[in-house]
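Undergrad: Pasting the sequence and the predicted model now:
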Amino acid sequence: MGTENPNRGTFPQRPSGPPVAVPSQSTTPFISSGPVVGSQASAFRSAPSTTPTSTRPFLTPAQVAGPEPSGFRPTQVGGPNPSIPPSSSYGSPPAGPFQHFTTPQYPTTTQVRPPRTSTPGQPVFAPPIRSSTNVAPPPVSLHPQHPIPSVPMGSPPQSINHVPSSINARPSFSDSSFSGPRPTFPPSQPTFPGYPGKPSNIVSQPPTVQSGPFVNNPGGYGPSAPPTSVPFLSQQGGFVSPPPVAAPLGAYSREQMQRQVSGPPMGAMQTLAEDFSSLSINSVPGAMDPGLDSSALPRPLNGDVEPKSFAEMYPLNCNCRYLRLTTSAIPNSQSLVSRWHLPLGAVVCPLAEAPDGEEVPIVNFAPTGIIRCRRCRTYVNPYVTFTDSGRKWRCNICSLLNDVPGDYFAHLDGSGRRVDLNERPELTKGSAEFIAPAEYMVRPPMPPLYFFMIDVSISAVRSGMLEVVAQTIKSCLDRLPGYPRTQIGFITFDSSIHFYSMKSSLTQPQMMVVSDLDDIFVPLPDDLLVNLSESRSVVDAFLDSLPSMFQDNVNVESAFGPALKAAFMVMGQLGGKLLIFQNTLPSLGVGRLRLRGDDLRVYGTDKEYALRVAEDPFYKQMAADCTKCQIAINVYAFSDKYTDIASLGTLAKYTGGQVYYYPSFHSAIHKEKLRHELTRDLTRETAWEAVMRIRCGKGVRFTSYHGNFMLRSTDLLALPAVDCDKAYAMQMSLEETLLTTQTVYFQVALLYTSSSGERRIRVHTAAAPVVTDLGEMYNRADTGAIVSLFSRLAIEKTLSYKLEEARSSVQQRIVKALREYRNLYAVQHRLGGRMIYPESLKFLPLYGLLLCKSTPLRGGYADAQLDEHCAAGHT
């Protein structure tokens, strides 16, 4: 590039002849190069001619990538040529094929055209300008100008309908229907007008985005490349009409581009500017500086909270951590439900961790018993009302009047409130925990039981899983819930089953091997489950010796099914939590599985869903039997090969458990992850022998339940073990065509046994208004609850349909919902084709996209392994 020389105030003269041979042409337009990546790009380039030439208009330029070039500025690429002698002025060039143009004086201007906003690489078009015999070259400045970074996205130039007074432009006399002004810009660096650029094969500059169809010849009034080799003709200056947004580079021929010289209507351009004005990010592509404050961008988690107005409207509701409705405005009619399009239901996490500074109060009705409605069995809560001087109370669910027991009686004040209201947390708090009397127990509370079933085949030993599991269990023994009542036991298996007696009288554990897999029996059944506090030394000795005990094992088989039956026989009397660590596809005895995920031809067909369904009914039957005996199963799968998680995950799904999947486990890589998740599983507070039911007001009912549990009746969920990380979703429908009530109440009741052996009932109560306005439903929507219910519905859909159909169902429902909301307000606010949405759902499209790209729903066989899909679905 030409540079400013303080020792010279003049410019070198043009050489006596062209540096390259120029073919003669009769008529040639002024043609500039294609897109150029660099700091400068030329504006004009004259065509040589040895005969009188007829003039043709300048042809439309392509977009120049890089810093914004100044208008009508010829440049020399590759640095100054030392072979060119200096000169004091612009002298007339010697005889040669170059035309000479006089230099008019242009006034100095400080107004610069706004940076161009077209995407680099996309062709843009300027109106044709008819050339004349004398064409004015651009002004020359000796002061360098810092390059203006290109804007990758933003609004079009705002000065498209007027020409600034400080811009000198030549009007166009072409036949185009739209001719924009051609502004003049102060050049960024001194240039050498009239000198041709060097041949492109010796130019050293950054590579262009599309180097194939573009000719890099950014010289001044120099010879142009042959027209046939330049499919995109570029020219700097002027506002031009952009091509279609979706047009690929190189999609237009020269004739098509020459015809596309008219601009779009101004109304469409202004609408486009308004729609994209908020998307402008002023940064250079590839630069480290993003050009914006990332903290100002909205974050999905910041919006995933309960609307404040709803919490203020119903301050007696339980915290949204325990119960969340997909919309806190209940529709009053079936027609309103049909226009909602999103799931209508709730998400319940009964044992969620309480917010900071809050605790669920514990209430003991020992003398009188728990206060409940005679008809609907609703527990007393803040929304019941007392009448008849405090002698009766009205149920908020079914409106039945109930008698107040004598021990629970209290007088009412002038406003109808109990005088002891502040002493009754069950009447002032949305969440409460009642101590259950003996009639709520089927059997005496059982002690917490942790039973471990560990695979010791060769793959488990070599991967390091066995050692990490033994170390983690030992480190958590002091923190297991229920001390000193906690029970513990172990079984290991490969091609046979190994039982361990850990009586407190022993110094070392005693191993017993059962090889008959067809007729499983339990040796010494009274010694396989021991009290942890009494046999702690024996348990520690076993865990210390377990890795070395099987370090030379070369067995590759897995008697998973028989070992599962043996564990069930050991735990059947007490119940508890069974933790299974599995490395190999079950291959021996009952419940053996086969490889069925290797047939790639099944993926994408109607038979694809069968791979995500349990093949052997043995596992579902075992899960049902375990649930009856209050046994919850957590599955830890580690194999680097197919292990049919679709079948093994059934054990966790119907017993209220969870699946942890570690594909291609290696202790050096996954040790900390396994240690963290297993520690969390063993030490978090757990509720045992639980059942849960959710009740709702008249005219509304829950129709389907989703999660890991066994549905014991139409609305009773059996949960052998539940903790603070477990949540359950349910869909709701209207029983009546038109609701006549103004408020609908919901109550969740969880009956469970605590780790300390106490039978309790945790109750969460909430109220929601009934509305007649669809817009109010959308404005009070809860994105977190909607997406949670969406995910469960989509995952269950994959068990009967293809993954593509499950993703499509999510997308279509979101699109329908946003279209329905837009139709409510588009005409009123004259918003035309712009998408509008309520503040409560501004993150819903983002969450929907993330859901479709999540592990259980994304792609197919090439995106995630079959076991990964199934494990994520059972989690």
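TA: Yes, it's here. Numbering: from 1, shown residues only.
Undergrad: quick one, strands of the stretch 501-650 of the chain?
TA: Secondary structure of the stretch 501-650 of the chain, counting by DSSP state E, counting those that start in this stretch: strands at 510-514, 530-531, 576-582, 631-637.
Undergrad: want to throw these into JSON lines with mean pLDDT?
TA: Output for those, formatted as JSON lines (pLDDT from 0 to 100):
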{"stretch": "strand 510-514", "mean pLDDT": "94"}
{"stretch": "strand 530-531", "mean pLDDT": "95"}
{"stretch": "strand 576-582", "mean pLDDT": "96"}
{"stretch": "strand 631-637", "mean pLDDT": "97"}
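Undergrad: Kindly present these as JSON lines, with separate columns for distance to residue 337 and mean neighbour count.
TA: Bear in mind the C-beta positions are built from the backbone N, C-alpha and C, glycine included. Converted to JSON lines, these look like this (distance: least, Cβ to Cβ, whole Å; neighbours: other Cβ atoms under 10 Å):
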{"stretch": "strand 510-514", "distance to residue 337": "57", "mean neighbour count": "14"}
{"stretch": "strand 530-531", "distance to residue 337": "54", "mean neighbour count": "20"}
{"stretch": "strand 576-582", "distance to residue 337": "40", "mean neighbour count": "25"}
{"stretch": "strand 631-637", "distance to residue 337": "36", "mean neighbour count": "26"}
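Undergrad: Ends of stretch 367-383, what's the gap?
TA: In stretch 367-383, first residue to last residue: 23 Å (Cα to Cα, to the nearest Å).
Undergrad: With stretch 437-456 instead?
TA: One end of stretch 437-456 to the other measures 45 Å (Cα to Cα).
Undergrad: so for that stretch, what's the average pLDDT?
TA: Stretch 437-456 comes out with an average pLDDT of 93.
Undergrad: so who does residue 661 touch?
TA: 637, 645, 867, 868, 871, 872 (Cβ atoms under 8 Å, 6 or more residues apart in numbering).
Undergrad: and it, what are its phi and psi?
TA: Main-chain dihedrals, residue 661, degrees, to the nearest 10: phi -120, psi 130.
Undergrad: Residues in a beta bridge with it, which ones?
TA: For residue 661, the beta-bridge partners under DSSP bridges are residue 637.
Undergrad: coming back round to it: so which of the contacts of residue 661 is the most crowded?
TA: Greatest neighbour count in the contacts of residue 661, by other Cβ atoms under 10 Å, goes to residue 645: 29 neighbours.
Undergrad: That one touches residue 875, doesn't it?
TA: No: taking contacts as Cβ atoms under 8 Å, residue 645 lies outside contact range of residue 875: 10.4 Å.
Undergrad: Please enumerate the shared neighbours of those two.
TA: Common neighbours of residue 645 and residue 875 are listed as residue 659 (criterion: Cβ under 8 Å, 6+ apart).
Undergrad: Report how many residues lie close to residue 417.
TA: A count of nearby residues for residue 417, using other Cβ under 10 Å, gives 15.
Undergrad: for residue 411, that is, sorry about that
TA: Residue 411: 11 neighbours (other Cβ under 10 Å).
Undergrad: ditto for the one 3 residues further on
TA: Neighbouring residues of residue 414 were enumerated by other Cβ under 10 Å; the total is 5.
Undergrad: Then the one 5 residues further on?
TA: Applying the criterion other Cβ under 10 Å, we find 11 residues in the vicinity of residue 419.
Undergrad: Next, give phi and psi for it.
TA: The phi/psi pair for residue 419 (degrees, to the nearest 10) reads phi -70, psi -20.
Undergrad: So it sits against residue 389, correct?
TA: No: judged on Cβ under 8 Å, residue 419 makes no contact with residue 389 at a distance of 11.4 Å.
Undergrad: quick one: common contacting residues for the two?
TA: Joint contacts of residue 419 and residue 389 (Cβ under 8 Å, 6+ apart) are 411, 412.
Undergrad: ok now do residue 771, which residues does it touch?
TA: Applying Cβ under 8 Å, 6+ apart to residue 771 gives the contacts 329, 330, 331, 332, 777.
Undergrad: Counting neighbours, which of these comes out on top?
TA: Ranked by the number of neighbours (other Cβ under 10 Å), the contacts of residue 771 place residue 330 first, at 27 neighbours.
Undergrad: Sounds good, over and out.
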